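> Sharing a model prediction with you, sequence too.
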Amino acid sequence: MKNTIWKQHLNLEELQKLTKGSAVEHLGILYTYQGRSILKASMQVGPKTMQPFGILHGGASAFLAETLASTASYCCIDPTKNVAVGMQLNIHHLSPATKGVVEGSVIPIRLGRSVHLWEVSIEQEKTQIALALCTVKIQEKA
């Protein structure tokens, strides 16, 4: 992919393989699209992601947001030299989801050498469910 922010050119299948045996796999998050500067993933609204009151749990939305931001940062670094770790997450829950699938999209706000800032929008059928800013720390591998 030319003119892209990604330093690692992992396809969706390769990104999905990274989730094996993790909480990302447990919650059923699936990578759905990668463009020049955007990454998308979906998550089912169901028993694994809902509050006892029948709506998408805010923590599940936050988990999707941080997963997208961290994965996007991972794709922007050299993993032989650096690691990308979530540093701060600020999320606004805007509308409930009670069934179906939500899709998160992450775009960069700033990609510095040691800190990345991402905006994550979570939507369902053109309704914005949540909006998040996630800061990811880029640090040298130990």
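Looks like it arrived, so ask away.

> tell me, what residue is most central in this structure?
When C-alpha atoms, centre = their mean is applied to the chain, the residue found nearest the centroid is residue 68 (1.2 Å).

> That residue reaches residue 104, doesn't it?
Yes. With contacts counted by C-beta atoms under 8 Å, residue 68 reaches residue 104, the gap being 5.0 Å. Backbone N, C-alpha and C define where each C-beta goes, glycine included.

> Now do the shared contacts for the two.
Shared between the contact lists of residue 68 and residue 104 (criterion: C-beta atoms under 8 Å, 6 or more residues apart in numbering) are residues 40, 41, 120.

> quick check: longest strand of this protein.
strand 127-140 (DSSP state E).

> Would you mark the buried spots in it?
Using 16 or more other C-beta atoms under 10 Å as the test for burial, strand 127-140 gives 129, 130, 131, 132, 133, 134, 135, 136, 138.

> Can I have the buried ones of the shared contacts of residue 68 and residue 104 as a ChimeraX selection?
Of those, the buried ones go into a single ChimeraX selection, burial set by 16+ other C-beta under 10 Å:
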select :40,41,120
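
> In a markdown table, list the shared contacts of residue 68 and residue 104 along with distance to residue 81 and pLDDT.
Putting these into a markdown table (distance: C-beta to C-beta, whole Å; pLDDT from 0 to 100) gives the following:
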| residue | distance to residue 81 | pLDDT |
| --- | --- | --- |
| 40 | 27 | 98 |
| 41 | 26 | 98 |
| 120 | 26 | 98 |
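
> can you pull out the strands in this protein?
Taking DSSP E as the test, the strands found in the chain are 30-34, 39-44, 82-93, 101-111, 115-124, 127-140.
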